[in-house]
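Trainee: build me a model:
(chains A and B)
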Amino acid sequence: MSDVTLAELCIFACSEAFRGNGEIVATGVGPVPRLAASLAKLTHAPELMMTDGEAYLVEQPVPLGPRGYDDRKAAGYLPFSRFFDAAVWSGRRHAMVTPTQIDRFGQINLSQLGGTHRQPKTQMLGVRGFPGNTIYHPNSFFFPSHTTRVFVGGDVDMVSGVGYNPAKRVPGGNYSAVDLRRIVTNLCVMDFGGPDHAVRVISLHPGVTFAQVQEATGFELIDAVAGETALPDAEALEIVARLDPHGIRASVIKDNPPARRTA
Amino acid sequence: MMLDKRMTPAEIVGQLKDGMTIGIGGWGPRRKPMALVREILRSDLKDLTVVAYGGADVGMLCAAGKVRKLVFAFVSLDAIPLEPWFRKSREAGQIEVLELDEGMFQWGLKAAAFGLPFLPTRVGLGTDLATLGGLKTVQSPYADGEVLIAMPALKLDAALLHVNRSDWRGNVHIFGPDAYYDEWFARAAAKTYVSCEELVDRMEDHYADQAQHNIVERAFISGVTHLPCGAHPSSMPPAYGWDMKAFKAYTDAAKDPGDWNAVKDRFVGASEADYLATFGGKEAVAALPLPIF
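Mentor: Predicted structure coming up:
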C-alpha cells in the first residue's frame, strides 16, 4: 500500500464519521468529504441518503467531475426548496464541510476575515447554512491544510456556526442538537471528546507526531492518540477510484503526498 | 375580458422606485432574472435594498452602486466560489448588510408572506448573526419556555423572477430540478414581475397537462415580460446551462480593469439584443450545456 495517497487516507478516515448515523442525509461538501460520504454509503453505511449534488436523492453515489447530465439515477427528490423542512430542521442530516477558520470551541467561520462587519478585510462566502446546520444536526470537518491560520487561537473572526462556547449561548435556548463529531486534517483525526467538549487528537496519520499537530494548532490539544490513522483497504481504494475517475482528489492536498509522511 | 399583465422590461423597471426593497429569485448562478437586473442597471434606480440568494445579480448591482443594503446568506457563482464584485464592494465598505442563514432567509420570506411580524427559529442562536443583525429573541409562552430568535419578516416592495413559461395572465411554469424559494419571494412581495423564456396567451390552451409546474398562483404576479435567454449568464434548465466563460470574464474584469464603468457595456449592454449579441446570440446561449454537480 505504499502508493496510497494522503488524500485517500483522509477520504477513508472521513468516511468513518458517517458510520452508524442511521437513515439520514449525508452531505460532503468538497471532493474529499463527498467521496467519503459516498464511500461510507457503498461500504458500511448503505442506509445513508445523499443527493446528486443538485436536487435528486440517489442510492448510487454520483462520481465527481464531468459526466453525462442525465446519468444520475434518481430515487428521490430533495431540492433546496424542501431542504430545510426535510433534512436540516428535522435533524436528519450529517454535513462534512471545510470552513475557513475553526476555534477551540468548534466555532466555525465561512463569512469574513479581519476588519469589521461593515467593511471586512476579506469577504468570503457568507454564513451560508452553517448557523442552521450546527444547531440542528451533526457536523464534521475536513481541512486539507492544518495550520494555525485555520485552527486559530482565540475565537474565529465571525462565528458562523455554533460551537461549545458557553459565553455565546443565549440562556433558555435549546442547544441539545449541537453535535460536532470529527475533524480530519492532513495531519490527524480529532474529536470533541475532551472535558467540556475540548478538542482531542485521536489518531495521527502515519509519520506524524502529536507535537507537529500541536505546533500547527493555535489552541491547546488533548493527546488521546490511540494509534495510527488506518490506511484504506483495497476495496475502499477501488471504490474511491471509481467515484473519482478524473483524479480530482489528487488536487486537494498540496503536492498530493503519499499517506506516510517522510521526515 | 381576459387579464393581460404583459409589460415591457422598461415598464417593469419603471414601477420600481429609489429606496425600494427588491427580492430577486433564483439561487447563486442558477435561474436568475438577469435580463431584468440588466434593465435596472440601464436605469437611474438607486438606494435599493436587495434581498437574494446572491450570484452575479448581487455582484453587478453592488458594482454599479445601486445597492444601499444587502440581505444575504451567501453570494457565489458556485464554480467560482467568491463573487468578485460583491467582494470588492464589501471590502470597500460600500454596502450595509443583514447577513442571515439560508434557512432563516426563507423563514423571513414566509413570515412576510403570511403577514406576520416574525417567525420563531433556533437558527442563529450561538452565532454572531443575532448581534450583528440586531435580531431579537422571543420566549415560548408554553411550559417549555424555550428562547428563540424572532426572524423578522422580509417584506418586499417587489420581487423579480425568471420562469420557463408564462401566459398573459401570469400563470407561470418553472421547470428544472429546483424551484428554490421563488414562490416565497412572490408571496412576500407587494408586486412580483416575471420574465419568461416562452410566453403564451392562454396556458390551458397549450399546456393543460403541465399545471404541476405552476409553483405560484397568478394572484401574486403583477407583470409578465417575454425575455428569452433572460437568465444568461446564469443557468436555466432545461433550456440552457450557465455560461462559465462569461462568469470567468466577469470575474477577471473585477481585477483588471477593476472598474465597473469600464466594463458595464460588455456585461449589461445598451439593450438586451446588444447584450446577447456580445455572447454569441440566442443560438450560443441555447447550446450552453447544463451544469454537472
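Trainee: quick one: B:Ala231 and B:Gly26 touch, right?
Mentor: Yes. In this structure B:Ala231 lies within contact range of B:Gly26 using C-beta atoms under 8 Å: 7.4 Å. C-beta here means a position set from N, CA and C on the backbone, and glycine is covered the same way.
Trainee: now for the two: what residues contact both?
Mentor: Taking C-beta atoms under 8 Å, 6 or more residues apart in numbering or on different chains as the contact rule, the neighbours common to B:Ala231 and B:Gly26 are B:Lys32, B:Pro33, B:His162.
Trainee: report how many residues lie close to the first one.
Mentor: When you say that, I think you mean B:Lys32. 31 (other C-beta atoms under 10 Å in any protein chain shown).
Trainee: which stretches of the stretch 101-250 of chain A have low pLDDT?
Mentor: The stretch 101-250 of chain A contains no residues with pLDDT under 70.
Trainee: okay, and the beta partners of B:Leu148?
Mentor: Beta bridges link B:Leu148 to B:Val138, judged by DSSP bridges.
Trainee: you'd agree it is up against B:Phe118?
Mentor: No. Using C-beta under 8 Å, B:Leu148 makes no contact with B:Phe118, being 9.6 Å away.
Trainee: B:Ala112 and B:Met151 touch, don't they?
Mentor: No. Using C-beta under 8 Å, B:Ala112 is not in contact with B:Met151; the gap is 10.4 Å.
Trainee: overlap in contacts, B:Leu148 and B:Phe118.
Mentor: Contacts common to B:Leu148 and B:Phe118, judged by C-beta under 8 Å, 6+ apart, are B:Val138.
Trainee: what's the burial count for the residue found closest to B:Thr21 once you drop the neighbours it is linked to in the chain?
Mentor: Closest residue to B:Thr21 apart from its sequence neighbours, by C-beta to C-beta, 6 or more residues apart in numbering or on different chains: B:Thr49 at 4.2 Å. Residues lying near B:Thr49 (other C-beta under 10 Å) number 20.
Trainee: who does B:Thr49 bridge with?
Mentor: Counting by DSSP bridges, the residues bridging with B:Thr49 are B:Thr21, B:Lys69.
Trainee: surely it touches B:Ile22?
Mentor: Yes. Using C-beta under 8 Å, B:Thr49 is in contact with B:Ile22, at 7.1 Å.
Trainee: closest residue of the stretch 151-293 of chain B to chain A?
Mentor: For the stretch 151-293 of chain B and chain A, the shortest gap (C-beta to the nearest C-beta) falls at B:Phe293, measuring 3.1 Å.
Trainee: count the neighbours of that residue for me.
Mentor: There are 17 residues near B:Phe293, going by other C-beta under 10 Å.
Trainee: so it touches A:Met50, yeah?
Mentor: No. Checked against C-beta under 8 Å, the pair B:Phe293 and A:Met50 is beyond contact range at 12.0 Å.
Trainee: for the stretch 1-150 of chain A, what spans make up the helices?
Mentor: A:6-16, A:31-42, A:80-83, A:130-136 (DSSP state H, counting those that start in this stretch).
Trainee: what's near enough to touch the closest residue to B:Leu3 other than its chain neighbours?
Mentor: Spatial nearest neighbour of B:Leu3, chain neighbours left out: B:Arg169 (4.4 Å); criterion: C-beta to C-beta, 6+ apart. When contacts are counted by C-beta under 8 Å, 6+ apart, B:Arg169 touches B:Met2, B:Leu3, B:Asp4, B:Lys5, B:Arg202, B:Met203, B:Arg218.
Trainee: can you list those in TSV and add neighbour count, pLDDT and secondary structure?
Mentor: Below are those laid out as TSV (neighbours: other C-beta atoms under 10 Å in any protein chain shown; pLDDT from 0 to 100; DSSP: H, G, I helix; E, B strand; the rest coil):
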residue	neighbour count	pLDDT	secondary structure
B:Met2	8	68	coil
B:Leu3	11	93	coil
B:Asp4	12	97	coil
B:Lys5	18	98	coil
B:Arg202	13	97	coil
B:Met203	21	98	helix
B:Arg218	19	98	helix
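Trainee: any idea how many residues pack against residue 72?
Mentor: All of this refers to chain A. 21.
Trainee: right idea, wrong chain: chain B
Mentor: 22.
Trainee: ok, it - contacts?
Mentor: A:Gly126, B:Val51, B:Ala52, B:Tyr53, B:Gly54, B:Val58, B:Val97, B:Leu98, B:Glu99, B:Leu100, B:Phe105.
Trainee: can you select the buried ones from these in ChimeraX?
Mentor: Selection of buried members from the contacts of B:Phe72 for ChimeraX, criterion 16 or more other C-beta atoms under 10 Å in any protein chain shown:
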select /A:126 /B:51,52,53,54,58,97,98,99,100,105
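Trainee: get me the contact residues on the stretch 101-250 of chain A for chain B.
Mentor: A:111-112, A:115-132, A:134-136, A:158-163, A:165, A:168-175, A:178 (C-beta under 8 Å from any C-beta of the partner chain).
Trainee: what subset of those is buried?
Mentor: For these, buried by 16+ other C-beta under 10 Å: A:111-112, A:117, A:120, A:123-132, A:134-136, A:158-163, A:165, A:168, A:173, A:175, A:178.
Trainee: from those, which land in strands?
Mentor: Among these, the ones falling in strands (DSSP state E) are A:Gln112, A:Pro120, A:Gln123.
Trainee: kindly provide the distance from the second one to B:Thr251.
Mentor: A:Pro120 sits at a distance of 19 Å from B:Thr251 (criterion: C-beta to C-beta, to the nearest Å).
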